[in-house]
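Trainee: From the sequence below, what's the structure:
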Amino acid sequence: MNASLAKAAISLTTGLEDPEKVTVAMLVAVGAAEQGRSTLIFLTKEAVRLAIAGTAVGTACEGCPPLPDLFARFAAAGGRFLICPICFNAKGLGADAALDNAELGGTVQLWEWIGTEPVATFSY
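Mentor: Next comes the predicted model:
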């Protein structure tokens, strides 16, 4: 990762009930990660389901990139997901099925990741 670039933190609350919003969030995250920014997507509410392998499927709109392609690019660029454990556990999801670049962690872990460095933030 390029240490001179600000980190990018994206907060995503929406899952596949709004695939266009997920696509926009992923495009922002992929753009940051592919620039060499340390990039983290904090998944909460329905978005936690996206951290389960095989969930992010389909294409949101005509001309939109397929979600599996965006998720693969994000992982290849070193992007990480932080999954709200309260939301995840409330939905009865199994952490053993989570994506390789995803881990359970709440606001404490988010703030630890942010640290004292500048961070660009986005919320969807």
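
Trainee: pLDDT on stretch 55-72, on average?
Mentor: Mean pLDDT, stretch 55-72: 95.

Trainee: Look at Glu103 and give its secondary structure.
Mentor: strand (DSSP: H, G, I helix; E, B strand; the rest coil).

Trainee: got the buried residues for stretch 76-90?
Mentor: 77, 79-84, 87-88 (16 or more other CB atoms under 10 Å). Just so you know, the C-beta spots here come from the backbone N, C-alpha and C atoms, and that holds for glycine as well.

Trainee: Torsion angles phi and psi at the most centrally placed residue in the chain?
Mentor: Closest to where the C-alpha atoms of the chain average out (CA atoms, centre = their mean) is Ile41, at 3.2 Å. The phi/psi pair for Ile41 (degrees, to the nearest 10) reads phi -110, psi 120.

Trainee: Now for the buried residues of stretch 76-90: which two are most distant?
Mentor: Farthest apart among the buried residues of stretch 76-90 by CB to CB are Ala77 and Cys87. That separation is 25.0 Å.

Trainee: Remind me what the helix ranked longest in the chain packs against, helices and strands.
Mentor: Secondary structure of the chain per DSSP state H: the longest helix is helix 19-34. Judged by 3 or more CB pairs under 8 Å, 6 or more residues apart in numbering; DSSP states H and E, helix 19-34 is in contact with strand 7-12, strand 39-43, helix 67-76, strand 119-123.
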